[in-house]
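> pasting the sequence and the predicted model now:
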There are 2 protein chains.
Amino acid sequence: MTSYPQLSAQERQEEYRRLQAEYEALKSRGVKLNMARGKPGKTQLDMVSDLFDLMRSPEEYVSDGVDVRNYGELSGLPAAKHLFADILGCRPQEVFVGGNASLQLMYDTISKAYTHGLLHSPRPWCREEKVKWLCPAPGYDRHFKVTESFGFELITIPMTPEGPDMDAVEAAITDPAVKGMWNVPKYSNPDGIIYSQETIRRIASMKPAAPDFLLMWDNAYCIHEFEGDFVPFPDILSECAKYGNADMVFEFASTSKITLPGAGVSCFACSEANMAYMEELIGVQAISFDKVNQQRHVLYLKDKAHTLDLMKRHAAILGPKFRCVLDMLQEQIDPLDIAQWQRPKGGYFISFNAMPGTAKRVLALCKEAGVTMTGAGATFPYGKDPQDSNIRIAPSLPPVEELRQAMEIFCVCVKLAALEKLGV
Amino acid sequence: MTSYPQLSAQERQEEYRRLQAEYEALKSRGVKLNMARGKPGKTQLDMVSDLFDLMRSPEEYVSDGVDVRNYGELSGLPAAKHLFADILGCRPQEVFVGGNASLQLMYDTISKAYTHGLLHSPRPWCREEKVKWLCPAPGYDRHFKVTESFGFELITIPMTPEGPDMDAVEAAITDPAVKGMWNVPKYSNPDGIIYSQETIRRIASMKPAAPDFLLMWDNAYCIHEFEGDFVPFPDILSECAKYGNADMVFEFASTSKITLPGAGVSCFACSEANMAYMEELIGVQAISFDKVNQQRHVLYLKDKAHTLDLMKRHAAILGPKFRCVLDMLQEQIDPLDIAQWQRPKGGYFISFNAMPGTAKRVLALCKEAGVTMTGAGATFPYGKDPQDSNIRIAPSLPPVEELRQAMEIFCVCVKLAALEKLGV
């Protein structure tokens, strides 16, 4: 295999015809495979379903004297706060334990900023003339959609191997209309990047012009290594506090990819001043979240050490899937000089940069051959990738054998689209 | 016992001194009893906790081909929609099954009207100069708080034995700033009133000036009889549709008082046009709600008939508690001509109207003697009862023996406050 850009026009044509035949052959298999979302696979679900064997004896209904089956404890069971604080490295009183989804808590935080304002807001954001929002990209499509849905202007911040381009961030936040920023700081979605210490320091010490700047810190993959040991990561709450920014940050996490997706427990963590303010607002909306499920998770996960053991067992399932994808890319795409990608050690995605101008075409070809991927552009604000290059690969759902088939198709599509771009 | 208003000044003084002594004696018992909220008692929780024995075999993880343990099915499991449709008398496609609390769904509906607008809104409500809201009172304090928290002007609508005073409602809705109305149509909180057929007809056929008028129909006690058989109740969705108002109403319900408070399943029901609109908005906020708990409830409750059997068992626990309260009021207060109250056959409350100007005093005396009740005024908008008369009694939590003690104290306090008002 030779670098495609170095092929002659005739060689490209020959390669293209060969690949077309291969593509037709693959298509005729009639596969139907889905790598669109970071959904855990069935083996992972089966592995944790002994979660349902808990809550069977009356003493398990009581936690710190609270009957978990009745109303009350708006901000969550103390034991559940301890568990998340242990995992995130913050203090239990900084943790609010919610329902089944951190996305809902994130949406709700921004919605409350919009309807009521945050602790340091001069006014609710719906009374602001304009709200702008920083979106490190490629990033998580659902994040971008939330802020888009409230009519904020989304500003793309380039991602670097160290995290968001902090020069760009520091320039942007001098505008008081810039009210916040999305982050997936560890194993970022989709790049799998871990923010560097220096990036975190610069973020924690920001001096935004907006007094109510909201640093959204979605620590979705805080303990989600699939390769190697747990990588310690700073507690963003104390980092921000160190620089006088205690009230700037809200951190989010959930057990969606520790126990069950959409049936786990979520939390947010923030300063005690923010907590008092938010509890007042959330107290109008809710009496309490599902404490039975909180208790089930406390009993099942126990503490950070025990949870990390469970994550090793998830890694044993996920690791081979990621290696399958990375090995096939290495073998089939790397020599051709037509794409780059990250090699993450945790998280749920591989961020693949196809030859600029070909991502949409690659995914259309994939779809035609029965492989569904995250839509092209999804990883950018407004769903528009200016380079039409980034593709998010989600290897977690299919078994390795199906993944191999899907990647075979994907690699052929990447090559076809590149050759079309180079001219055939 | 004689009617207090007919006592001479001296008789009142004698009675007052006698009651003071009785009050001091009761106080010295040092009880600590809570009748503040409609919390089910421990016997009810124990009765349904075999709910936790479900979800133990792999075939229970799958519902209509959906693995309930993974992401997806934003609007809920089809089987859960069927269950709620069966109970509410609407169609499954009109049901959205949510998380653990209908209060959150209600808050969220109003929040979305505020941030994004409803299907027929000319603009989001945050862009309206003023939003007014109809509050039949006495009513549910948490309802009133939600609309108050968004800055709406709350308009009190008197309750009658037939439901809200519809003349007042029909007059109010000619104002286009009046955007909606709270309702607990069956066993209203706190009066325990069932809206009459005529009231429902007038509500369903309203012609509000606001094109996006939101009829909040909190059917919290739809199958919650504690005395006698299930009382059939019209499906408000088809009632509204009959009069061309299909998109005017959102109905809410939950299993909080069928299975577990705060750990059950909630739903809203609305027209299919509203459903399509709301799913679009909620799709930004959530991937899915807790389908494991939905499935648990489908397996446990089965259908309406089976759920009504369970409600009979709740009634066997609740009935004696309500009878204890009502009997003591009948015996100790009724002859004195100082108060009125409802005698409901379902729901969770008894609405007690003390002598005007004495509710706060009654509750202060209760508190001093160790009995916590819902705060005076709570059943009115802004927490202000213009008569200072209405007291919500919640008999569900304490065992009958404790309830008797609490009511002994309550009755003495009602008498003391009345005598003070009459002059002693």
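That came through fine.
> quick one, what contacts A:Gln197?
Taking Cβ atoms under 8 Å, 6 or more residues apart in numbering or on different chains as the criterion, A:Gln197 is in contact with A:Pro234. In this view, the C-beta of every residue, glycine as well, is placed from N, C-alpha and C.
> look up the closest residue to the residue most central in space within chain A, ignoring the ones flanking it.
For chain A, the residue whose C-alpha lies nearest the mean C-alpha position (Cα atoms, centre = their mean) is A:Asn189; its distance is 4.1 Å. If you skip the residues right next to it in sequence, A:Asn189 has A:Tyr140 as its closest partner in space, 4.2 Å away by Cβ to Cβ, 6 or more residues apart in numbering or on different chains.
> would you agree that neighbour is in contact with A:Trp182?
Yes. Counting by Cβ atoms under 8 Å, A:Tyr140 touches A:Trp182, with 7.2 Å between them.
> common neighbours of those two, please.
Residues touching both A:Tyr140 and A:Trp182 (Cβ under 8 Å, 6+ apart) are A:Asp218.
> circling back to that earlier point, report the contact partners of the residue nearest to A:Asn189.
If you count contacts by Cβ under 8 Å, 6+ apart, A:Tyr140 has them with A:182, A:184, A:189-190, A:218, A:379.
> mind doing that once more with 10 Å?
Applying Cβ atoms under 10 Å, 6 or more residues apart in numbering or on different chains to A:Tyr140 gives the contacts A:38, A:103, A:146, A:182-184, A:188-190, A:218, A:220, A:349, A:378-379, A:392.
> so what does the residue nearest to the centre of chain A look like in phi/psi?
In this entry, A:Asn189 is assigned phi and psi values of phi -90, psi 120 (degrees, to the nearest 10).
> my guess is it contacts A:Gly38, does it?
Yes. The pair A:Asn189 and A:Gly38 passes the contact test of Cβ atoms under 10 Å, sitting 7.5 Å apart.
> got any residues that touch both of these two?
A:140, A:220-221, A:347-349, A:392, A:394.
> give the ChimeraX command for selecting the buried subset of these.
Typed into ChimeraX, the line below selects the buried ones among the shared contacts of A:Asn189 and A:Gly38, using 16 or more other Cβ atoms under 10 Å in any protein chain shown:
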select /A:140,220,221,347,348,349,392,394
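> which one of the shared contacts of A:Asn189 and A:Gly38 sits closest to A:Ile317?
Each of the shared contacts of A:Asn189 and A:Gly38 was scored against A:Ile317 by Cβ to Cβ, and A:Tyr348 proved nearest at 12.3 Å.
> pretty sure that closest one is touching A:Gly41, no?
No. With contacts defined as Cβ under 10 Å, A:Tyr348 does not count as touching A:Gly41, sitting 11.1 Å away.
> now do the shared contacts for those two.
Taking Cβ under 10 Å, 6+ apart as the contact criterion, the residues that touch both A:Tyr348 and A:Gly41 are A:318, A:395-397.
> for the host helix or strand of A:Tyr277, buried residues please.
Counting by DSSP states H and E, the element that carries A:Tyr277 is helix A:272-285. For helix A:272-285, a neighbour-count test (16+ other Cβ under 10 Å) marks A:274-275, A:277-278, A:281-282, A:284-285 as buried.
> ok now it, how far from the chain's centre?
The chain centre lies 26 Å from the centre of helix A:272-285; the measure is Cα atoms, centre = their mean, to the nearest Å.
> elements contacting it?
Applying 3 or more Cβ pairs under 10 Å, 6 or more residues apart in numbering or on different chains; DSSP states H and E, we find helix A:272-285 packed against strand A:95-97, helix A:102-115, strand A:249-254, strand A:266-269, helix B:102-115, helix B:141-149.
> could you redo the last one with a cut-off of 7 Å?
Helix A:272-285 makes packing contacts with helix B:102-115, helix B:141-149 when contacts are defined by 3 or more Cβ pairs under 7 Å, 6 or more residues apart in numbering or on different chains; DSSP states H and E.
> keeping just the C-alphas, turn the first one into PDB.
Output for helix B:102-115, consisting of C-alpha atoms alone and laid out as PDB, is shown next (Å, rounded to 0.1, in the frame of the first residue of the first chain):
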ATOM      1  CA  SER B 102     -44.900  14.200  38.100                       C
ATOM      2  CA  LEU B 103     -44.000  17.500  39.900                       C
ATOM      3  CA  GLN B 104     -40.800  17.600  37.700                       C
ATOM      4  CA  LEU B 105     -42.800  16.900  34.600                       C
ATOM      5  CA  MET B 106     -45.200  19.700  35.500                       C
ATOM      6  CA  TYR B 107     -42.400  22.200  36.300                       C
ATOM      7  CA  ASP B 108     -40.700  21.200  33.100                       C
ATOM      8  CA  THR B 109     -43.800  21.800  31.000                       C
ATOM      9  CA  ILE B 110     -44.200  25.300  32.400                       C
ATOM     10  CA  SER B 111     -40.400  25.900  32.200                       C
ATOM     11  CA  LYS B 112     -40.500  24.900  28.500                       C
ATOM     12  CA  ALA B 113     -43.500  27.300  27.900                       C
ATOM     13  CA  TYR B 114     -41.300  30.000  29.500                       C
ATOM     14  CA  THR B 115     -38.100  29.300  27.600                       C
END
